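In: Output the structure for:
(chains A and B)
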There are 2 protein chains.
Amino acid sequence: MPITANNPDRTSWLHVDKNSDFPIQNIPFGVFLTRDDIITIGTRIGDTAIDLGALHQLGYFEGIPLTDDIFLQDTLNDFIADGRKTWRLVRNRIGEIFDAENDTLKSNKQHKEVVLFRLDEIEMQLPVQIGDYTDFYSSKEHATNVGTLFRDPENALLPNWLHIPVGYHGRSSSIIPSGIPVHRPQGQTLPNGATEPVFGPSKLIDFELEMAFITTDANDLGEPIPVNEAEEYIFGLVLLNDWSARDIQKWEYVPLGPFLAKSFATSISPWIVTLDALEPYRVEGPKPIKKQLDYLKFKGKKSYDINLEVSIQPKGAKETTVSNSNFKYMYWNMSQQLAHHTVNGCPVNSGDMMGSGTLSGPTPDSYGSMLELSWRGENPVKLKDGSERKFINDHDTVIMRGYCEKDGTRIGFGEVSTQLLPVFESKKK
Amino acid sequence: MPITANNPDRTSWLHVDKNSDFPIQNIPFGVFLTRDDIITIGTRIGDTAIDLGALHQLGYFEGIPLTDDIFLQDTLNDFIADGRKTWRLVRNRIGEIFDAENDTLKSNKQHKEVVLFRLDEIEMQLPVQIGDYTDFYSSKEHATNVGTLFRDPENALLPNWLHIPVGYHGRSSSIIPSGIPVHRPQGQTLPNGATEPVFGPSKLIDFELEMAFITTDANDLGEPIPVNEAEEYIFGLVLLNDWSARDIQKWEYVPLGPFLAKSFATSISPWIVTLDALEPYRVEGPKPIKKQLDYLKFKGKKSYDINLEVSIQPKGAKETTVSNSNFKYMYWNMSQQLAHHTVNGCPVNSGDMMGSGTLSGPTPDSYGSMLELSWRGENPVKLKDGSERKFINDHDTVIMRGYCEKDGTRIGFGEVSTQLLPVFESKKK
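Out: Residues are numbered from 1 along each chain as shown, chains lettered A, B, ... in the order given. Sure thing, here's the model as predicted:
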């Protein structure tokens, strides 16, 4: 089925700024609270949010096999479970409804009143209930930098890294949408030179620039997903900030991996941009350095050219861009990650989320964490307001953005923006 | 509120075998499919399953604040979210209804027909939808054995182990109830002496004898749970078999921890035995070897005396008990685990599950995995049919059981029984 929603020549009767992340070719999916405090599934064109529940009730999706309440839900899980064919039909139809040439909804004031919202009238929610969250570690530059800083510069990349898309399970319950602030966590750390740990606020709070993909129901227990079928089960992508407490991480992570250093919060952008919308931005990824096992060998272009940037905004000051990277730097692509994840028969369900790992590029200005950007504090990062950062300060806001651009069409993700607050003070005292 | 359901002098008008795990003092909670293919929440006395949805509809829970459909659900999550006071009221009432002195239901043939089921008429399901699954590593004996076998006998216990209840995130989607078979997983392994990995079926499939606790909604993002309040948020426990592929684990686990070596399957017993039912079996745990940080210091007895055993049953042969252990050997107790897990503000929700880690005891016949029992294959374990095992063979069934016993009352968990099948063969060819 052709993805007519991607037609680059189409314009919308809704206003779209020239540099908007959300032209009519994007049509992402999200969940929001409306001005009437109703929760609904929606999409966005320019700065207009569109209530898909209302559109469906008014008959605009006639002919597409959808249950009556598919968009009147708290999460996208059921819609995603309907599968790729349904996603395409719905995106294609939305493209038609908002096409500049189509007068049907445009000329119906009553319908527009219940379907369209200004962004300041809605509140974005988590788009899916995330059953399982996996975080990969698929940027060679990041793995090399971390290996150099935490372990041994001579053997920075561990022996398994070029063979395995290394990953681990993350915590689902602390995943939050853009806009929700995060408290600086407390925990155990081992001060330099000490033999006994101390308890207190983490002193080394960091971001990690990542993207994550959301899956649909993919396989039963025991059944692997072949690498060349993997994209069939990927609904779309979001930006992800994998908040990290480096001092807690260093003391706790051997031998079972990071735990409390990560599980205090993970922030994501609220609009899921579909893999279909990213189709024009496919590129080849890095060439394999070592021979890869058959179950990881794929055909065609499985990487995507997505520009990424990170800014830090101190309270009351302007933001400073501290990193420019790209999703295409990822050594192991999403198809390889999903094939690896399921090669042992592990089931993947609708609404599962898989993070890329920190997306560091080849140059120091493209590193995806403060640990790397400041080189563990040796080279503090200068901000526009004259201050410096080794890590993130209380009241700083970290903002990540991402977009694709080609032949005059830009498809973006909006942003994931999160303020770091001081340590939580209990109300229970 | 007193836990009258635990009254040791009470007998039931339902038949209960002398050695049953499920006397009227147990009253566990589970989810099952009935003979009419209806899914319901239930409990069990002796070998009789009791449909709580039907009991509720017939008015037997009058006076207890419960929504009409609380037991007519696929999972216990909503009931658990109602909190400890409600669990106690319901357990106490069930004790009264089935008390030998109470004739109300006993004499109502019509009611009994819709409420009571023989075990062969029902099919047990997963009792909760597990949002997040955490696995701890809290047996000192197990951590010492694994450290000796995988790393360095001189420094078997890592420096953080006596300070941190070490844990990591597990995979929720592959958690299955007792009775569902598991396929031998395939994956990458590094043969001894090789420098390049190979792909194929795991050759070292192991069980891990664990218990796990199920939580209720406990805290908001940012808010820690104090160690002495932690038990308020624990609904109950199950037996857990943390299936492990040792060869996959060895090659993949540095630096982010075990991943595919564990995520192919985790089996649990289907009846959740409440913490209330275990109240008479509280004991003191192991004395701390090193000073523990304040947030881990607890008052009172927080360990439980639960006898555990593991059997292996080859296809068509009798089972052989290969291990006898106890939950009380666990160095870090559940209250410490939950306080540690949330000290960084990580939210814990109704239906989350936290595994103990392998429960090895101090003597070789109490080790909780084949890795330890056979000492990495050096001392094969002899079975009754004359065969030997270093690890688990295809078609073997692994059975774990657990029970408390004191003053003539026995409260048990039933069993988690799982057959290992050969590698999955795709139907897609």
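In: contacts and neighbour counts: CA atoms only from here.
Out: OK.
In: interface residues of the stretch 151-300 of chain A facing chain B?
Out: For the stretch 151-300 of chain A, the residues found near chain B under the criterion CA under 8 Å from any CA of the partner chain are A:158, A:160, A:163-164, A:166-174, A:182-183, A:185-187, A:197-199, A:221-223, A:251-260, A:263-265, A:293.
In: Going by neighbour count, which of these are buried?
Out: The neighbour-count test (16 or more other CA atoms under 10 Å in any protein chain shown) applied to those identifies A:160, A:163-164, A:166-174, A:182-183, A:185-187, A:197, A:221-223, A:251-260, A:263-265 as buried.
In: Helices - which of the residues you listed land there?
Out: With helices taken from DSSP state H, the overlap with those comprises A:251-252.
In: show me the contacts for A:V227.
Out: A:V227 is in contact with A:295-298, A:335-336, A:338-339, counting by CA atoms under 8 Å, 6 or more residues apart in numbering or on different chains.
In: Same question for A:L190.
Out: Contact analysis of A:L190 by CA under 8 Å, 6+ apart lists A:196-198, A:247, A:251.
In: Just give the number of residues close to A:E405.
Out: Applying other CA atoms under 10 Å in any protein chain shown, we find 15 other residues in the vicinity of A:E405.
In: again with the one 5 residues further on
Out: Using other CA under 10 Å, the number of residues around A:R410 comes to 18.
In: Surely it is in contact with A:K18?
Out: No - the pair A:R410 / A:K18 is not scored as a contact, 9.1 Å apart, by CA atoms under 8 Å.
In: Helix, strand, or coil at the nearest residue to A:L76 once chain neighbours are set aside?
Out: Sequence neighbours aside, A:V128 is the residue nearest to A:L76 in space, at 5.2 Å (criterion: CA to CA, 6 or more residues apart in numbering or on different chains). Following DSSP: H, G, I helix; E, B strand; the rest coil, A:V128 is assigned to coil.
In: and chain A, what are its domains?
Out: Chain A breaks down into these structural domains: A:4-124, A:133-421 (assignment by automatic domain parsing).
In: And the longest one, how far out from the chain middle?
Out: Put plainly, it is domain A:133-421. 9 Å (CA atoms, centre = their mean, to the nearest Å).
In: Ends of that domain, what's the gap?
Out: Terminal residues of domain A:133-421 are spaced 24 Å apart (CA to CA, to the nearest Å).
In: Residues touching the strand or helix carrying A:D135, excluding its own?
Out: Here A:D135 is covered by strand A:133-136, with elements defined by DSSP states H and E. Strand A:133-136 is touched from outside by A:165-172, A:337, A:352-357, with contacts defined as CA under 8 Å, 6+ apart.
In: What segments of chain A are helices?
Out: Listed in chain order, the helices of chain A (DSSP H) span A:52-57, A:77-81, A:84-97, A:109-115, A:140-150, A:246-252, A:334-342, A:370-373.
In: Extract the CA atoms of the last one and return them as CSV.
Out: Once side chains and other backbone atoms are set aside, the C-alpha atoms of helix A:370-373 remain, and they are given as CSV (Å, rounded to 0.1, in the frame of the first residue of the first chain):
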residue,chain,number,x,y,z
MET,A,370,27.8,15.7,29.8
LEU,A,371,30.2,12.9,31.0
GLU,A,372,31.6,12.9,27.4
LEU,A,373,31.1,16.6,26.6
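In: Against which helices or strands is it packed?
Out: For helix A:370-373, the contact count by 3 or more CA pairs under 8 Å, 6 or more residues apart in numbering or on different chains; DSSP states H and E identifies helix A:140-150 as packing neighbours.
In: again, 6 Å this time
Out: Counting contacts by 3 or more CA pairs under 6 Å, 6 or more residues apart in numbering or on different chains; DSSP states H and E, helix A:370-373 is packed against no other helix or strand.
In: cool, and the longest one?
Out: The contact analysis (3+ CA pairs under 6 Å, 6+ apart) places helix A:84-97 against no helix or strand.
In: buried stuff in that helix?
Out: Of the residues in helix A:84-97, those buried by neighbour count under the rule 16+ other CA under 10 Å are A:84, A:86-97.
In: now the residues you listed as CSV including pLDDT?
Out: Compiled in CSV, the buried residues of helix A:84-97 are given as follows (pLDDT from 0 to 100):
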residue, pLDDT
A:R84, 97
A:T86, 98
A:W87, 98
A:R88, 98
A:L89, 98
A:V90, 98
A:R91, 98
A:N92, 98
A:R93, 98
A:I94, 98
A:G95, 98
A:E96, 98
A:I97, 98
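In: Pick the one among these closest to chain B.
Out: A:R84 (19.3 Å; CA to the nearest CA).
In: Please tell me I have it right and A:L240 contacts A:M211.
Out: Yes - with contacts counted by CA atoms under 6 Å, A:L240 reaches A:M211, the gap being 5.0 Å.
In: So for the two, which sits in the more crowded spot?
Out: More neighbours surround A:L240 than the other of A:L240 and A:M211, with 31 against 25 (other CA under 10 Å).
In: Please report the distance of that one from A:P191.
Out: From A:L240 over to A:P191 the distance is 30 Å, taken as CA to CA.
In: before we move on, what about A:I122?
Out: Going from A:I122 to A:P191 by CA to CA gives 45 Å.
In: Compare these two (neighbour count), which wins?
Out: Set side by side, A:I122 and A:P191 show unequal neighbour counts under other CA under 10 Å, the larger going to A:I122 at 18 against 12.
In: so where's chain A shaky on pLDDT?
Out: A:427-429 (pLDDT under 70).
In: so what strands line up beside the lengthiest strand in it?
Out: Selection of the longest strand in chain A by residue count, based on DSSP state E, yields strand A:409-421. Strand A:409-421 has the following strand partners under DSSP bridges: strand A:182-183 (parallel), strand A:397-406 (antiparallel).
In: Residues contacting the longest one, please?
Out: Spelled out, that is strand A:397-406. Counting by CA atoms under 6 Å, 6 or more residues apart in numbering or on different chains, the neighbours of strand A:397-406 from elsewhere in the structure are A:306-313, A:410-413, A:415-419.
In: Swap in 7 Å and give it another go.
Out: Defining contact as CA atoms under 7 Å, 6 or more residues apart in numbering or on different chains, one finds that strand A:397-406 is touched by A:21, A:281, A:305-314, A:410-420.
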